[in-house]
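Engineer: What shape does this take:
(chains A and B)
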Number of protein chains: 2
Amino acid sequence: MKAAVIGLGSMGWGAAVSLLRAGIDTTGCDISEEVAARFRDAGGGFAATPAEAAKDKDVILVFVVNAQQARSVLFGKTGAVAEAELGCVFVLCPTMSPAESEKISGDLVAAGMRVIDCPVSGGAAKAESGELTLIASGANEAFEAAAPALEAISSKVFRLGETPGTGAKLKMINQHLAGIHIAAMAEALVLASKEELDLEVVYDVITQSAGNSWMFENRAPQVLKGDYAPLSAVDIFVKDLGIVTEAATNNEKPVDVPLARVALELFTQTSQAGMGREADAAVAKILAGRSDVKLP
Amino acid sequence: MKAAVIGLGSMGWGAAVSLLRAGIDTTGCDISEEVAARFRDAGGGFAATPAEAAKDKDVILVFVVNAQQARSVLFGKTGAVAEAELGCVFVLCPTMSPAESEKISGDLVAAGMRVIDCPVSGGAAKAESGELTLIASGANEAFEAAAPALEAISSKVFRLGETPGTGAKLKMINQHLAGIHIAAMAEALVLASKEELDLEVVYDVITQSAGNSWMFENRAPQVLKGDYAPLSAVDIFVKDLGIVTEAATNNEKPVDVPLARVALELFTQTSQAGMGREADAAVAKILAGRSDVKLP
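Structural biologist: Okay, here's the model as predicted:
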């Protein structure tokens, strides 16, 4: 099997080195020359453009950030589709709106390609260790053809049927909850600070109580340490909660998502305050500032 | 040791039978005669008033619903304090605002009693099996004197120092998160329904992903089954999120809690629609109705 990974950011990098580790001949493609050099040092091939990366590949994993970038690396002037073999399997990993995912998948199929709608979950560390969770939908034969690559990058694959867009829909639901839970964690810790509770004790009690969430457990330590080096950035949730509120309202009969709207507003304000590239838990700093609370 | 339990609702009942099971001589007190008969059948004593229940007891556990009821069963005409021995340990289990908890604790100490500020977590089933989590603060000697009773009703005791009110503060933070997470679960499942996702699949994926919360895992099944028989009722979160927003705003420099405000509004609307005594997950029905979504 020959694979290409387009977009070697934290998630794509992890997937690409996991493919190499599984013995799969892998070509990377990224706009950064420094990343190119690093991937060659790791034993991979490197292509200057998506089109070049796509030549003679069985599977192409797309790890850019959003739908616009995905469309560009697939269908742009030096896009992958221009040089990909007919029947090549495209694995679409960005978090996109269900509508965009369906549209791009449809265009790939029209160009003679096979597609897996494949948003991922797990973060950079799990990507690097080949233990991502894949929330995937697509034709069975596409899954079969891509199986060794999917196995190399993941520890868990949710197969959600044959319709592209279903993976994107479920990822959107996950991000809805994840985003609200991060903002709720921030709000709770700011209130706890104001009440002069010891935040380490709060963490200890909450993580063993009914108020716990995956995100509280994972992100509260960043607030407690005052360390906002990004694992996942504020701007990711500006994007992903934007997808949620747009999908909810962009409907003949809109869905009311008041919590998602408030959380999106908080992440947007955090980004506008210049913290868009900090860790998503930095949303706590906006709430703290507004409430005259000093966090660690 | 001789104990009394005032208020034999689902939580108080569970605590009272756990005390009996541990071999502690326990008297119950409740306004319902049917509950009185049931507790006698279970091997307990029964008193018609809190004052009568308080006679010759070492420990008195208060399991009424809110601060107003607590004040009434303690200091009212037939309240427990009238007949309690000096030095008797009062274990205050209702979820109250930190300010109310501090006030009631202070009044008990002024009357010569000892106090543990002791909100609980875990639900009716854990109460019945003697496995509550206690989020407690109070004087060390009060903990020592009440130890056999606390051990009988709980599997985990968080000791949060000697100051009454600290337990109430931490419980408030827990309820802040728990309430928002239930409302977020409801919002997510309504959006998922609109997107025509299979809710059983959504449950399976989310509970294994970063969008998970204790409340999602525990409450989403009620929505999936369409069964809103109360384990914990909507009105509990109307009360508890009311405590949160009041504590947040009732401050010289108020704390901004926009997510708690939205969640409180959703629970309040659910209650006003006549579902206050249904399970808290019924908040999903309000959102579904508003968004023209049919839930199971």
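Engineer: mind exporting the lowest-mean-pLDDT helix or strand in chain A as CSV, just the C-alpha atoms?
Structural biologist: Ranked by mean pLDDT, DSSP states H and E, the helix or strand of chain A with the weakest confidence is helix A:123-128, at a mean of 90. Extracted as CSV, the C-alpha positions of helix A:123-128 are listed here (Å, rounded to 0.1, in the frame of the first residue of the first chain):
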residue,chain,number,x,y,z
GLY,A,123,-5.7,14.9,20.1
ALA,A,124,-2.1,15.1,19.1
ALA,A,125,-0.7,12.5,21.5
LYS,A,126,-3.1,9.8,20.4
ALA,A,127,-2.4,10.7,16.7
GLU,A,128,1.3,10.2,17.3
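Engineer: just how off-centre is that helix within its chain?
Structural biologist: How far helix A:123-128 lies from its chain's middle: 11 Å, per Cα atoms, centre = their mean, to the nearest Å.
Engineer: which helices and strands does that helix pack with?
Structural biologist: Other helices and strands packing on helix A:123-128, by 3 or more Cβ pairs under 8 Å, 6 or more residues apart in numbering or on different chains; DSSP states H and E, are helix A:10-21. (C-beta placed from N, C-alpha, C; glycine too.)
Engineer: Whichever helix or strand comes after the helix it packs on pairs with which strands?
Structural biologist: Counting by DSSP states H and E, the next helix or strand C-terminal to helix A:10-21 is strand A:25-29. Strand pairing for strand A:25-29, using DSSP bridges, gives strand A:2-6 (parallel), strand A:45-46 (parallel).
Engineer: related to what we said a few turns ago, report the buried residues of the least confident helix or strand of chain A.
Structural biologist: A:123, A:126, A:127, A:128 (16 or more other Cβ atoms under 10 Å in any protein chain shown).
Engineer: give me every residue that touches the first one.
Structural biologist: Neighbouring residues of residue A:123 by Cβ atoms under 8 Å, 6 or more residues apart in numbering or on different chains: A:11, A:231, A:232, B:210.
Engineer: what does residue A:102 give?
Structural biologist: Residue A:102 sits next to A:164, A:165, A:168 when contact means Cβ under 8 Å, 6+ apart.
Engineer: ok, back up a step: among the contacts of residue A:123, who's most crowded?
Structural biologist: residue A:11 (26 neighbours; other Cβ atoms under 10 Å in any protein chain shown).
Engineer: Pretty sure that residue sits against residue A:124.
Structural biologist: Yes: the pair residue A:11 and residue A:124 qualifies as a contact (Cβ atoms under 8 Å) at a distance of 6.4 Å.
Engineer: Can you tell me which of the buried residues of helix A:123-128 comes closest to chain B?
Structural biologist: Among these, residue A:123 lies closest to chain B (Cβ to the nearest Cβ), at 7.9 Å.
Engineer: what's the spacing between the closest one and residue A:236?
Structural biologist: 11 Å (Cβ to Cβ, to the nearest Å).
Engineer: just residue A:96 next, same as before
Structural biologist: 13 Å.
Engineer: neighbour-wise, which of those two wins?
Structural biologist: residue A:96 (30 against 21).
Engineer: Residue A:101 is in what secondary structure piece?
Structural biologist: Taking DSSP H and E as the criterion, residue A:101 maps to helix A:98-110.
Engineer: thinking again about what came up before, quick one: which of the contacts of residue A:102 has the most company?
Structural biologist: residue A:168 (30 neighbours).
Engineer: In contact with it, which residues are there?
Structural biologist: So residue A:168 contacts A:95, A:96, A:97, A:98, A:100, A:101, A:102, A:117, A:119 (Cβ under 8 Å, 6+ apart).
Engineer: Number of residues surrounding the nearest residue to residue A:262 once chain neighbours are set aside?
Structural biologist: Closest residue to residue A:262 apart from its sequence neighbours, by Cβ to Cβ, 6 or more residues apart in numbering or on different chains: residue B:258 at 4.8 Å. For residue B:258, the neighbour count with other Cβ under 10 Å is 18.
Engineer: Number of residues surrounding the closest residue to residue A:295 other than its chain neighbours?
Structural biologist: Computed as Cβ to Cβ, 6+ apart, the closest residue to residue A:295 that is not its neighbour in sequence is residue A:288, at 4.9 Å. By other Cβ under 10 Å, 20 other residues sit near residue A:288.
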